[in-house]
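In: pasted the sequence and its predicted model underneath.
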Amino acid sequence: MPTKEDFLSELRSQFRRAQDRGARYVTINAGELHRRVGSYPSRSGHRMPLCCDVMYSERRNGDEIIAAPPKGKGASLTIRYSLPRESA
């Protein structure tokens, strides 16, 4: 089952790849992030709330929530992160 560190590692890898391409921002969707890390979609093995918590925890000034489910945590959560990132 994916851990917080798994989601954080993949999220930061996506930041680095986008930064290396010279992008000014990167838009990340929770469903796609979870698929890359694994165990999604799966009724019993997914960790979507944890995935979303990690995405929210990496928000900084200038980042924008593009889409969010009604309760805030779900596959449709999409955040546009500004680059460069200090943590990337």
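Out: Happy to help now that I have it. Residues are numbered from 1 along each chain as shown.
In: how about stretch 3-10, which residues are buried there?
Out: Within stretch 3-10, the residues scored as buried using 16 or more other Cβ atoms under 10 Å are 6, 7, 8, 10. C-beta coordinates here come from the backbone N, C-alpha and C atoms, glycine included.
In: in this structure the third one contacts residue 56, no?
Out: By that I understand residue 8. No - with contact taken as Cβ atoms under 8 Å, residue 8 and residue 56 are classed as non-touching, separated by 11.9 Å.
In: got the buried residues of stretch 3-10 as TSV, with secondary structure columns?
Out: Shown next, in TSV, are the buried residues of stretch 3-10 (DSSP: H, G, I helix; E, B strand; the rest coil):
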residue	secondary structure
6	helix
7	helix
8	helix
10	helix
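In: for these, which one is nearest residue 82?
Out: Of all these, residue 82 sits closest to residue 8, with 17.8 Å by Cβ to Cβ.
In: ranges for the helices of the protein?
Out: For the chain, the helices defined by DSSP state H cover 4-20, 30-37, 48-57.
In: and the ones you listed as JSON lines, adding distance to residue 86 and mean pLDDT?
Out: What follows is the helices of the chain, written out as JSON lines (distance: least, Cβ to Cβ, whole Å; pLDDT from 0 to 100):
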{"stretch": "helix 4-20", "distance to residue 86": "10", "mean pLDDT": "96"}
{"stretch": "helix 30-37", "distance to residue 86": "20", "mean pLDDT": "95"}
{"stretch": "helix 48-57", "distance to residue 86": "14", "mean pLDDT": "97"}
